[in-house]
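Peer 1: quick one: sequence and predicted model below, then my questions.
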Amino acid sequence: MNLYLILGSGLFLASLIISRIFSEKGLKVLSNEEKGMLISSFSKMRVTSIILLASIVFAYLVVMYSGAGDWLTQRNVPPTTVYFILLFIYMVLSFVYTYKKQKELGLPDEYYKAQIKSNITRFIGIIAVVIGIYFGFKSI
């Protein structure tokens, strides 16, 4: 494993830990009633989002192991780049939807601030690992 992959992975893991700390701080400002309301409001999204994410991963694996990846690469459509772009779009849309839904619930501002910090930290970690992969393998 080269230095870029190690640094990117290390920054990613650190960002996940810091992101979790921000999320937990945000949850501490909510009452038990607000926590219950939050959980019940996102029950459908949890199921839908995992299906969508699994579909993106599954499609990528099918493309890469079926030979379609080579076909796409020959047409200047790098499958791994498309995969990371789809994951990024998924994350952004998920963040926007979650933020709007939480705003509708009328939760305290401290909670929103903590969630925004958590998401930004997570995005930085994802970017760090993608950069590590890029420079580690000289391609995405």
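Peer 2: Cool, got the structure.
Peer 1: what's the average pLDDT for stretch 8-19?
Peer 2: Averaged across stretch 8-19, the pLDDT comes to 94.
Peer 1: show me which residues of stretch 110-124 are buried.
Peer 2: 111, 114-115, 117-119, 121-123 (16 or more other Cβ atoms under 10 Å). Just so you know, the C-beta spots here come from the backbone N, C-alpha and C atoms, and that holds for glycine as well.
Peer 1: chain center to it: distance?
Peer 2: What separates the centre of stretch 110-124 from the centre of its chain is 12 Å, taken as Cα atoms, centre = their mean, to the nearest Å.
Peer 1: for residue 89, see how far away residue 26 is.
Peer 2: Residue 26 sits 24 Å away from residue 89, going by Cβ to Cβ, to the nearest Å.
Peer 1: who has more neighbours, those two?
Peer 2: The residue with more neighbours, out of residue 26 and residue 89, is residue 26; 21 against 11, by other Cβ atoms under 10 Å.
Peer 1: not counting sequence-adjacent ones, nearest residue to the more buried one?
Peer 2: Counting by Cβ to Cβ, 6 or more residues apart in numbering, residue 26 lies nearest to residue 114, which is 2.8 Å off, once chain neighbours are set aside.
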